[in-house]
Each structure stands twice: as C-alpha cells, then as structure tokens.
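Here is the input, now give the coordinates:
(one chain, ligands or ions: 1)
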Amino acid sequence: MYRHIINSTKKLSHINPEIQGHFSEHLGRCIYGGVYVGENSDIPNVNGMRTDVVEALKEMKIPVLRWPGGCFADEYHWMDGIGDKADRKKMINTNWGGVVEDNSFGTHEFMELCRQLGCKTYVNGNVGSGTVREMSEWVEYMTFDGVSPMSELRKKNGHEDPWTVDYFAIGNETWGCGGNMSPEYYSDLYRHYQTFVKNYNPDKKIKRLAVGPSDKDYAWTETLLKRCYERAGSWNNAHGFMDGLTLHYYTLPYNWDKKGSATIFNDKEWYMTLAKTFYMEEYITKHSAIMDRYDPEKQIGLMVDEWGTWYDVEEGTNPGFLYQQNTIRDALIAGINLNLFNKHSDRVKMANIAQLVNVLQAVILTEGDKMVKTPTYYVFKLYSAHQDNELLESSLDIKTIGLEDEYKLPNLTESVSVNKDGKIIITMTNQSLDESAEIESVLHGSVVKGVTGRIVTEKMNAHNTFDNPDVVKDAAFEVTGFENDTIKYTIPPRSVIALEVTV
Ligand code: AHR
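Residues are numbered from 1 along each chain as shown. Presented below is the predicted three-dimensional model:
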C-alpha cells in the first residue's frame, strides 16, 4: 500500500494553463497537411484549417500555441508571409529537409488558427537573421490599433483590428541554430531587441521571453540573468527586463547519433527512456535555484517551450521531417512531465511540447484526410482538469525501479490541484512494466463525497495507426472505495490516471 497524503487546505501555487501548451513549427507536416490544408482543399476546413484537427485540439483544451519555430523562426521573415498568397515569396527551409516554403501560412493564418482554437498566442521572433526593425515592425503590425505604416498594412491585408500577442520570444536557441552565440553576446542582443518589442496596448501586455538554456547549461542561465535582470519589478519597456526564460530538454532513449525506435523497444529501453525524462526535474530545480537568486519574487517564468521525446524518424519518411509514432511509453512521459510542471508551477509558467501535429511527440498524426489522436493526446486531455487550478501540497510513498543502476527511477509520480468549484484533481503515473500499486489517498481537511476517474493504459508499445486508430484511448477508471477523507484504488502498471474528487 502506497500512502498518498494531500493537504487539501494548503494551496502552493497557481497552475497556469499554459503549462500544457503546444508548439507548431514550419517543419515537416506540422503546419502544411497537419493543421493547414488551404481553403480549396477537399479535406473539410474552415479558412484553410483542418476541422478534424481543430476540433480535437479544442476538446483537449489547448491553452497556447507557439509559432513559427524553433530553428525556423531565425530564418523566417514575416513580411514574406503576408498579402496575396500568389505573390508571397518562396524560400528554402534549410533546417528541415531543404523543402520549399511557400509562405502560404503566415501571420494572418496563425492568428486565425488560434482564434479557432480559442488559445493564447506565442510568436517567436527572429534574432539570428532578422533585424531590430523587422521585429519591431512585426509587433506593430500585429498589435497596434492606431494609424501607423504597419497597422495600415495589416488593414490593407484584410484585418482591421489588432490581434493579441500573449508571448513573444526574442530568438530561439541562440546558442545553436539561432546564431551560435555566446551568452554574453546574446544578453546584449536581448537587451537591444526587446526594447523595440513595444506594448501598444497597456491592457494586453506582451510577455517577452529570453532564450534560455538547453538541458544543464547553468552558465547560460547565470550569464543571462546577471546581464539582463537589472530592472526587475518593472513591467514597462525597461531595458533588460524579461518576463520569461526558456528551457529546452528532449528525452532520447540513447543519444543524438542513435536515438532509438519510437515503437520497437524492450524493457530496458522502456526504463532507460523514462529514467532520462526525469532529468527534467533536476534541470528545472537547478535553473530555478539560479533564478531564485536574481528573482526571489518569481516574476520571471521558466518556460519549458520545447520538451518531449525524440526518436529515429519513422522508416521511409523524410529524415528532415522528424515524423515519429507515439506509444504508451510517450503517454507515461507526458504524464510524468506534466506532473513535474505542476509541482514546479511556482516558477514554471509555460511549457510547450514539441510538436503539435506529425512532428516528434505529437498529440495528433495525419495522413491525407485521416487523423489519429496519439496516447500523448489522451494524457493531455486527462490533465486538462488541472488548468487554472491551485496546486495542493501532496506527497506519495514511492519505490525505485529500473533494470540497471544508471537507469533507476521512481515507480510513481503524482500531482494534486483544487479547481474553482472546490473539486480536487489527482493525476498519477505508474512507470512499472508489470507491478500495479495499491494507493491510499488521504485528503487531510476534507470529506470525500464522490470520485470519478479516467485512465490511459495498454501494453508498452501500443499505439494508434490510421488503420487502427483506437488501440489506445482514455477509459473510465473505478476506485476501490472511499470513506471519510480516504480514497483507495489500484493503479495498474504502464498507466496514467486522473481522478476528480468531490469534497
Ligand atoms: O523541435 C525541433 C527543433 O528542436 C526546434 O526547431 C529547435 O528549436 C530544437 O533544436
């Protein structure tokens, strides 16, 4: 029996819905064929956006979408993606397969997609090959309501009203594909560029994000904060101020040369991959500790705006398109990380799994007019009950599992929140391949009146295909019983569960 203690009166931090955010890059078939098929497609669409994909994402409650990259962002010139589509410039997508990008999906299309999804907007600016003027004018084009060259151009292109840009990143991976810069050089560029990301609407201020570290690059975090965080607490256009610092960490079974298969793996590779995803906890904790020194009031969010699994591409697909399948192993990785983000929601204010459709750990795969929801999709759907809640203090007995010393990991993870109606949401993962766990959740300070549950579970490499789209999906989960402040239940191996508790 594993004791799960919940202090139902101790609220620790707010769970920003954006913690369950997504990322869409001009990469492979994420945008073209994934979300966008064009107005003239036979595939049902509204203004070019696939109806099946939009409906599925709305049902999953997508809170925020990042665009246009990734590495693509630092070679994207936004003016090439506005105006009459026939006149838009074509370019080479040098990072992702060298294919021709026809710019038919640009700023207007992204904003239309977010309108249909009802989600927040996260636009990633170009520092690597773009100018300050270009970035500044993009922000003016998107958000200025008065008379100006850029707002007039937007109106001429068919959009009278400004849009809301919730988040704007000053570059992407500037330590790598975004310019191979040193932290010192980028810090100076950050201070410079962000000055011209103007807030035209005081009621809808843009949150400006600085490129943060990859994995355990603590020196990057330290340098960025040392050089840029001198005007903390000032929510205007102060030089050097930032609202968020990004963090990227991908889970690979092996390494960048030989990543490992998405669907064909053994028990050792199961535990190895899950053990590696737990590095996220170490990275968040250590980067947060540095941030705490500069920003004890936690005004800067840690934005994990790229995370998820990265496997060898599916055989027979373009290696530059990063198309991979998605199994129960990915469902566990999603559940573990979303629990971790909840636990660190005092500092983690946004996280964007890579990527939305057809790329890396996608929630949706498409092929022509067909669409499947992946196991990861169902975990996001279950966890959506945490969005906008307050994290509650909780702890769970665990044991260490795994096959070899270097690949040890906890058998269970959990997080608990309370929503605005006072309902308590418990999510839990069981990483074991073969052992179920009997749980006793004790809700100190509450009397349990009812519990409903959902579960995602199957054999370890189970996945959904276009021929068999419903192998993995969420199903009802029954608890063994509840009395006073205690709920008893058994979480099966290889599973993710969510309970909604009425107290
Ligand atoms: O998500 C794929 C790529 O991974 C992104 O373009 C880049 O930012 C990261 O290296």
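
top strand in the chain by residue count?
Among the segments of the chain that qualify as a strand by DSSP state E, the longest is strand 2-14.

For that strand, the averaged confidence score.
Averaged over strand 2-14, pLDDT sits at 97.

looking at it, Lys205 is touching Asn199, isn't it?
Yes - counting by Cβ atoms under 8 Å, Asn199 is a contact partner of Lys205 at 4.9 Å. All C-beta atoms are positioned from the backbone trio N, CA, C, and that covers glycine.

Which part of the chain gets nearest to the ligand, residue-wise?
With Cβ to the nearest ligand atom, the shortest gap between the chain and the ligand falls at Gly70, namely 2.6 Å.

Quick check: which element contains the most centrally placed residue in the chain?
Most central in the chain under Cα atoms, centre = their mean is Asn352, positioned 1.5 Å from the mean C-alpha point. Asn352 is located in strand 348-354, with elements delineated by DSSP states H and E.

go on, Leu274?
Going by DSSP H and E, Leu274 is part of helix 267-277.

That helix: what's the following helix or strand?
Scanning forward in sequence from helix 267-277 by DSSP H and E, the next helix or strand is helix 279-294.

So what are the sheet partners of the strand holding Asn352 and their directions?
Strand 348-354 pairs in its sheet with strand 21-23 (parallel), strand 301-309 (parallel), by DSSP bridges.

Would you convert the ones you listed into CSV that also reports mean neighbour count?
Shown next, in CSV, are the strands paired with strand 348-354 (neighbours: other Cβ atoms under 10 Å):
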stretch, mean neighbour count
strand 21-23, 27
strand 301-309, 27
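
among those, which is nearest Leu245?
Leu245 sits nearest to strand 301-309 of all the strands paired with strand 348-354, at 6.0 Å, using Cβ to Cβ.

what angle sits between the closest one and helix 279-294?
Compare the direction of strand 301-309 with that of helix 279-294 by axes from the mean of the first three to the mean of the last three Cα atoms, to 10 degrees and you get 170 degrees.

Now strand 301-309: average pLDDT?
98.

thinking again about what came up before, got CSV for the strands paired with strand 348-354, with distance to Glu282 too?
Output for these, formatted as CSV (distance: least, Cβ to Cβ, whole Å):
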stretch, distance to Glu282
strand 21-23, 22
strand 301-309, 13
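
does Gly445 really touch Ile5, like I thought?
No - with contact defined as Cβ under 8 Å, Gly445 does not reach Ile5; the gap is 11.1 Å.

Those two: who's more crowded?
Neighbour comparison, Gly445 and Ile5: the larger count goes to Ile5, with 15 against 12 (by other Cβ atoms under 10 Å).

Which residues of the stretch 101-250 of the chain lie near the ligand?
Proximity of the stretch 101-250 of the chain to the ligand is confined to Asn172, Glu173 under the rule Cβ under 6 Å from any ligand atom.

All the helices of the stretch 101-250 of the chain, residue numbers only.
107-117, 132-143, 149-156, 183-195, 218-228 (DSSP state H, counting those that start in this stretch).

quick one: is the strand holding Asn352 near the ligand?
Yes - against the ligand, strand 348-354 shows contacts by Cβ under 6 Å from any ligand atom at Ala354.

Render the CA-only coordinates of that strand in CSV, please.
Provided in CSV are the C-alpha atoms of strand 348-354 (Å, rounded to 0.1, in the frame of the first residue of the first chain):
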residue,chain,number,x,y,z
VAL,A,348,7.3,27.1,-14.5
LYS,A,349,4.7,29.3,-16.1
MET,A,350,4.6,27.7,-19.6
ALA,A,351,5.7,24.5,-21.3
ASN,A,352,5.2,23.6,-25.0
ILE,A,353,5.5,20.0,-26.0
ALA,A,354,7.2,19.5,-29.4
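
Looking only at the helix or strand following it, what residues are buried by neighbour count?
On the C-terminal side of strand 348-354, the closest following helix or strand by DSSP H and E is strand 364-367. Neighbour counts over strand 364-367 (16 or more other Cβ atoms under 10 Å) mark Ile364, Leu365, Thr366 as buried.

The helix or strand just after strand 364-367 pairs with which strands?
Going down the chain from strand 364-367, the next helix or strand is strand 370-373, by DSSP H and E. Here strand 370-373 is paired, per DSSP bridges, with strand 364-367 (antiparallel).

So which residues lie in contact with the partner strand, not counting its own?
29, 33-34, 50, 53, 56-57, 325-326, 356-358, 371-374, 377, 464, 466 (Cβ atoms under 8 Å, 6 or more residues apart in numbering).

Write a PyMOL command that selects only the buried members of the residues you listed.
Buried residues among the contacts of strand 364-367 (16+ other Cβ under 10 Å), as a PyMOL selection:
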select buried, resi 29+33+34+50+53+56+57+325+326+356+357+358+371+372+373+374+377+464
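
For this protein, give me the ranges with low pLDDT.
Applying pLDDT under 70 to the chain picks out residues 230-240.

can you list the helices of the stretch 101-250 of the chain in JSON lines and add mean neighbour count?
As requested, the helices of the stretch 101-250 of the chain are exported to JSON lines (neighbours: other Cβ under 10 Å):
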{"stretch": "helix 107-117", "mean neighbour count": "20"}
{"stretch": "helix 132-143", "mean neighbour count": "20"}
{"stretch": "helix 149-156", "mean neighbour count": "15"}
{"stretch": "helix 183-195", "mean neighbour count": "19"}
{"stretch": "helix 218-228", "mean neighbour count": "19"}
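
hang on, the earlier thing: can you get me a residue count around the residue of the chain closest to the ligand?
28.

Give me the number of neighbouring residues for the closest residue to it other than its chain neighbours.
Spatially, and ignoring its direct neighbours in sequence, Gly70 is nearest to Glu25 (3.8 Å; Cβ to Cβ, 6 or more residues apart in numbering). Using other Cβ under 10 Å, Glu25 has 28 other residues around it.

Tell me which residues touch Glu25, please.
Residues near Glu25 by Cβ under 8 Å, 6+ apart: Ile31, Trp67, Pro68, Gly69, Gly70, Cys71, Phe72, Ala73, Trp96, Ala354, Gln355, Val359.

Dump the residues you listed to JSON lines, plus secondary structure and distance to Ile398.
Formatted as JSON lines, those follow (DSSP: H, G, I helix; E, B strand; the rest coil; distance: Cβ to Cβ, whole Å):
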{"residue": "Ile31", "secondary structure": "coil", "distance to Ile398": "40"}
{"residue": "Trp67", "secondary structure": "strand", "distance to Ile398": "38"}
{"residue": "Pro68", "secondary structure": "coil", "distance to Ile398": "40"}
{"residue": "Gly69", "secondary structure": "coil", "distance to Ile398": "38"}
{"residue": "Gly70", "secondary structure": "coil", "distance to Ile398": "35"}
{"residue": "Cys71", "secondary structure": "helix", "distance to Ile398": "38"}
{"residue": "Phe72", "secondary structure": "helix", "distance to Ile398": "40"}
{"residue": "Ala73", "secondary structure": "helix", "distance to Ile398": "39"}
{"residue": "Trp96", "secondary structure": "coil", "distance to Ile398": "40"}
{"residue": "Ala354", "secondary structure": "strand", "distance to Ile398": "28"}
{"residue": "Gln355", "secondary structure": "coil", "distance to Ile398": "31"}
{"residue": "Val359", "secondary structure": "coil", "distance to Ile398": "33"}
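
would CSV of the residues you listed with distance to Asp102 be doable?
Below are these laid out as CSV (distance: Cβ to Cβ, whole Å):
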residue, distance to Asp102
Ile31, 11
Trp67, 16
Pro68, 14
Gly69, 16
Gly70, 18
Cys71, 19
Phe72, 14
Ala73, 18
Trp96, 14
Ala354, 23
Gln355, 20
Val359, 19
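
so who does the closest residue to Thr223 other than its chain neighbours touch?
Among residues not flanking Thr223 along the chain, Pro183 sits closest, at 3.7 Å (Cβ to Cβ, 6+ apart). With contact taken as Cβ under 8 Å, 6+ apart, Pro183 is in contact with Trp175, Ala219, Trp220, Thr223, Leu224, Arg227.
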